[in-house]
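Peer 1: give me a 3D structure for the following:
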Amino acid sequence: MSRILAIDDDRAILDTLVRVLERDGHAVTAVFRPENVPQLDLSRFDLILCDVMMPVLDGFELVRRIRNLVDCPIVFLTAKVAEEDAVYGLGLGADDYLRKPFGAAELRAKVAAHLRRERREHHNALDFGRIRIDLRACELLVDGARVPLTPSEYEICEFLARHAGQTFSRSQIRESVFGWTNDSDDATVTVHVGKARAKLKAAGADPIQTVWGMGYKWQI
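Peer 2: Numbers count the residues shown, from 1 in each chain. Have a look, this model is predicted:
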């Protein structure tokens, strides 16, 4: 499932975008007033669809304001057909454009192509709905807010998340995360997991499951 932000002042078009894309399993956030977009947590979206001709704040100006806040693909939805308009939009940081009126098949193909490319080119984060692990910053976030994990707690979470759905014993986690030469024992893993789970629960998430008699796994 990918998270898509759709921005258009035409409610009928927004309804169409939501209906078509949710049918493909995507989670779509529809925004009717473009001036409200900068207040959103834009880092949570995998792709942005943005109309050009909108009152108060047009799509070109909106993308100019938010492009440095997001690294996901941005696709303009535009009735403008002049080549210079498309070039201008791409120069603002958009990745592509889709001319109105468009069909459902064309929309789905365009969205799917950008999401496929994004998965191939970006491996700097692990996403699990409300939980996001930033591999470059070594941070775990719930609903965009950083969970204050210690380095050891973070390393265990990252290890389990990279192998989501698989169960690992405490000794397997210790050897994989800390290495053979580390003085930590299996009880240390239990302590780290317990503290990490407490912090995650305080943030409203509980992704680490205890598999009794076996170990732990990251729920998917």
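Peer 1: residue 84 sits in which helix or strand?
Peer 2: helix 83-91 (DSSP states H and E).
Peer 1: buried sites along the helix or strand that that helix is followed by?
Peer 2: Later in the chain than helix 83-91, the nearest helix or strand by DSSP H and E is strand 96-99. The neighbour-count check on strand 96-99 (16 or more other C-beta atoms under 10 Å) flags residue 97 as buried. Every C-beta, even on glycine, is put in place using the N, C-alpha and C of the backbone.
Peer 1: ok, now stretch 97-114?
Peer 2: In stretch 97-114, counting by 16+ other C-beta under 10 Å, buried: 97, 100, 107, 110, 111, 114.
Peer 1: quick check: the farthest pair among these?
Peer 2: Distance extremes for these: the farthest pair is 100 and 114 at 17.8 Å, using C-beta to C-beta.
Peer 1: okay, and for this structure, where does confidence drop off?
Peer 2: Within the chain, the segments meeting pLDDT under 70 span 80-83, 118-123, 180-184.
Peer 1: spatially central, which residue of it would that be?
Peer 2: residue 44 (4.4 Å; C-alpha atoms, centre = their mean).
Peer 1: for residue 75, give me phi and psi.
Peer 2: Torsion angles at residue 75 (phi, psi; degrees, to the nearest 10) stand at phi -120, psi 120.
Peer 1: that one contacts residue 50, correct?
Peer 2: Yes. Contact criterion C-beta atoms under 8 Å: residue 75 and residue 50 qualify, at 7.3 Å.
Peer 1: domain parsing for the chain?
Peer 2: 2-122, 125-218 (the TED database).
Peer 1: who are the contact partners of residue 50?
Peer 2: Residue 50 makes contact with 7, 8, 34, 59, 62, 63, 74, 75, 76, 77, 94 under the criterion C-beta atoms under 8 Å, 6 or more residues apart in numbering.
Peer 1: need the contact list for the fourth one.
Peer 2: With C-beta under 8 Å, 6+ apart as the criterion, the residues that contact residue 59 are 7, 34, 50, 51, 52, 53, 76, 77, 78, 89.
Peer 1: turn those into CSV, columns for secondary structure and distance to residue 194.
Peer 2: As requested, those are exported to CSV (DSSP: H, G, I helix; E, B strand; the rest coil; distance: C-beta to C-beta, whole Å):
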residue, secondary structure, distance to residue 194
7, strand, 43
34, helix, 45
50, strand, 44
51, strand, 48
52, coil, 52
53, coil, 54
76, strand, 48
77, strand, 48
78, strand, 53
89, helix, 51
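Peer 1: biggest separation within those residues, which pair?
Peer 2: 34 and 89 (14.6 Å).
Peer 1: and of the contacts of residue 50, the nearest to residue 153?
Peer 2: Once C-beta to C-beta is applied, the member of these that ends up nearest residue 153 is residue 74, at 34.8 Å.
Peer 1: give the bridge partners for that closest one, please.
Peer 2: Counting by DSSP bridges, residue 74 is bridged to residue 48.
Peer 1: give me the buried positions along the helix holding residue 84.
Peer 2: 85, 86, 89.
Peer 1: distance from the chain centre to that helix, please.
Peer 2: Distance, stretch centre to chain centre, for helix 83-91: 27 Å (C-alpha atoms, centre = their mean, to the nearest Å).
Peer 1: check stretch 159-170 too.
Peer 2: 21 Å.
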